[in-house]
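Asker: Quick one: sequence and predicted model below, then my questions.
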Amino acid sequence: MSYFFLEAYERVNKNKVEEYERMATAVDKIVEQTEPGMLIHTQTKVSENDHEVVYRWLEVYEKFEDFLFHLKNESVYSHMQKISDGILKGPIEVVIYSDWNEDQKQRCRQLPGISLSFAPLVNGYFR
């Protein structure tokens, strides 16, 4: 399989933004140090209103197994548990970009505790 990349959207309660950003910075530094297969790990602010701020993580992995390693990273797992307790307004939305066939996608769909979708590929290529 080719490179594996995704976008994860997190909707944060407006009154929890400072705490969330502090935690996100800390976990980002840990990921950088402990996950050599994570090639890109960037966070951007997508939108903001009176009630929430939406952040997007762009994550690019060398291969699918590096994504599985990320999910098993104890620091990432702990971070996810903490932000799920009143910081986020809802579940994390994960969109995966790939040129996989349905059998390959099924491998991802079977990951416990992960809610995800695949972006429909109209044009493009993966090396």
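Answerer: Arrived safely. Residues are numbered from 1 along each chain as shown.

Asker: Which of the three states applies to the closest residue to D28 other than its chain neighbours?
Answerer: Setting aside the residues directly before and after it, D28 is nearest to H41 in space (CB to CB, 6 or more residues apart in numbering), at 6.2 Å. Heads up, the C-betas are built off the backbone N, CA and C, glycines and all. Secondary structure, DSSP: H, G, I helix; E, B strand; the rest coil: H41 is strand.

Asker: neighbours around H41, how many?
Answerer: H41 has 16 neighbours, counted by other CB atoms under 10 Å.

Asker: Can you pull out the residues in contact with the helix or strand where R22 lies?
Answerer: Assignment of secondary structure by DSSP states H and E places R22 within helix 17-34. Contacts to helix 17-34, defined as CB atoms under 8 Å, 6 or more residues apart in numbering, come from residues 10, 12, 38, 41, 43, 53, 55, 70, 73, 75-76, 79, 82-83, 87.

Asker: Please, where are all the strands along the chain?
Answerer: Ranges of strands in the chain, per DSSP state E, are 4-13, 38-48, 52-61, 93-97, 116-118.

Asker: Let me have the helix holding R22 in CSV, keeping just the CA atoms, if that works.
Answerer: What follows is helix 17-34, C-alpha atoms only, in CSV (Å, rounded to 0.1, in the frame of the first residue of the first chain):
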residue,chain,number,x,y,z
VAL,A,17,-10.0,26.0,23.8
GLU,A,18,-7.0,27.1,25.9
GLU,A,19,-6.9,23.7,27.7
TYR,A,20,-7.3,21.8,24.5
GLU,A,21,-4.6,23.7,22.7
ARG,A,22,-2.2,23.1,25.6
MET,A,23,-2.9,19.4,25.5
ALA,A,24,-2.7,19.2,21.7
THR,A,25,0.8,20.8,21.8
ALA,A,26,2.0,18.3,24.3
VAL,A,27,0.7,15.2,22.5
ASP,A,28,2.1,16.6,19.2
LYS,A,29,5.6,16.7,20.7
ILE,A,30,5.3,13.2,22.0
VAL,A,31,4.1,11.9,18.6
GLU,A,32,7.1,13.6,16.9
GLN,A,33,9.5,11.9,19.3
THR,A,34,7.9,8.4,19.3
